[in-house]
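# compute the structure for the input listed below.
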Amino acid sequence: MDAAGVEALFTRATGEYLFARWGRPIVPVVFGVDDATLSTVKGAIEAVVALAGHKMAETDPELGANLMLFFFRDWAELTEVPNLDRLVPDLAPLCARLAAQGANQYRAFRFDADGAIKAAFVFIRMDDELAALPAETLALNQAVQVICLWSDRAFAESSPLALAGGQVVLRPEIGAVIRAGYDRVMPAVARDPSHALRLVARIGQGGVA
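I've put the predicted structure just below:
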């Protein structure tokens, strides 16, 4: 992937370039799934975190859990979750808007004072399209999309996943971008497009400092 391709991954529809990664260990909690699916989702998160060279933890000192994933059938269900409206501002109108759009997923991020990710909320409405996907595919896709603050249109045309040997895997070029973004010499937050050139340079060096 060249610099233009990497830059596009973090350039929002407004034209703003914005990269952010997690600034603290990730502590996931999953709602609305059975034990088998829970294990699959957490396994996917662990795999992507390991790929990034980042860390997970048992608890977040500020929030307890800082990555919350909700699986449900109707957007209205979210408004009934106790205290969720304290974590996600304007939850009711957001759910109404997403329902009107027929959306089947939404991600909301919170950031620390420096702009690094400190929490993420993933909402997945299990419509027929998503229900038809293998749990492993759905879990890996969500794990990839919360490891960084990607552009709102980064994967609108193509998935971050691909088929290899009959199995769904992370596209190698996307994995390389994640590893480069989490390289210890790289900033946790970047707003200048020149950051994309630095990512490409890290990829070319294998992400080794």
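# ok, for the residue positioned nearest the centre of the chain, nearest residue in space, not its chain neighbours?
Geometric centre of the chain, nearest residue: residue 146, 1.2 Å, by Cα atoms, centre = their mean. Spatial nearest neighbour of residue 146, chain neighbours left out: residue 120 (4.7 Å); criterion: Cβ to Cβ, 6 or more residues apart in numbering. For glycine as for every other residue, the C-beta is placed from the backbone atoms N, C-alpha and C.
# what is that neighbour paired to in the beta sheet?
Beta-bridge pairing for residue 120 (DSSP bridges): residue 67, residue 109.
# could you look up the SS state of the residue nearest to the centre of the chain?
helix (DSSP: H, G, I helix; E, B strand; the rest coil).
# for residue 49, see how far away it is.
Look at residue 146 and residue 49: by Cβ to Cβ, to the nearest Å, they are 10 Å apart.
# what pairs with the nearest residue to residue 46 once chain neighbours are set aside across the strands?
Leaving aside its chain neighbours, residue 46 sits nearest to residue 56 (6.4 Å; criterion: Cβ to Cβ, 6+ apart). Taking DSSP bridges, one finds residue 26 as the beta-bridge partners of residue 56.
# what is the burial count for residue 56?
When neighbours are counted by other Cβ atoms under 10 Å, residue 56 registers 14.
# that one and residue 188, how far apart?
The gap separating residue 56 from residue 188 is 17 Å, by Cβ to Cβ.
# and for residue 53?
Taken as Cβ to Cβ, the span from residue 53 to residue 188 is 13 Å.
# looking at those two, which one has more neighbours?
Remark: of residue 53 and residue 188, residue 188 carries more neighbours, 17 against 12, as counted by other Cβ under 10 Å.
# surely the more buried one meets residue 21?
Yes. If you go by Cβ atoms under 8 Å, residue 188 and residue 21 touch, sitting 5.4 Å apart.
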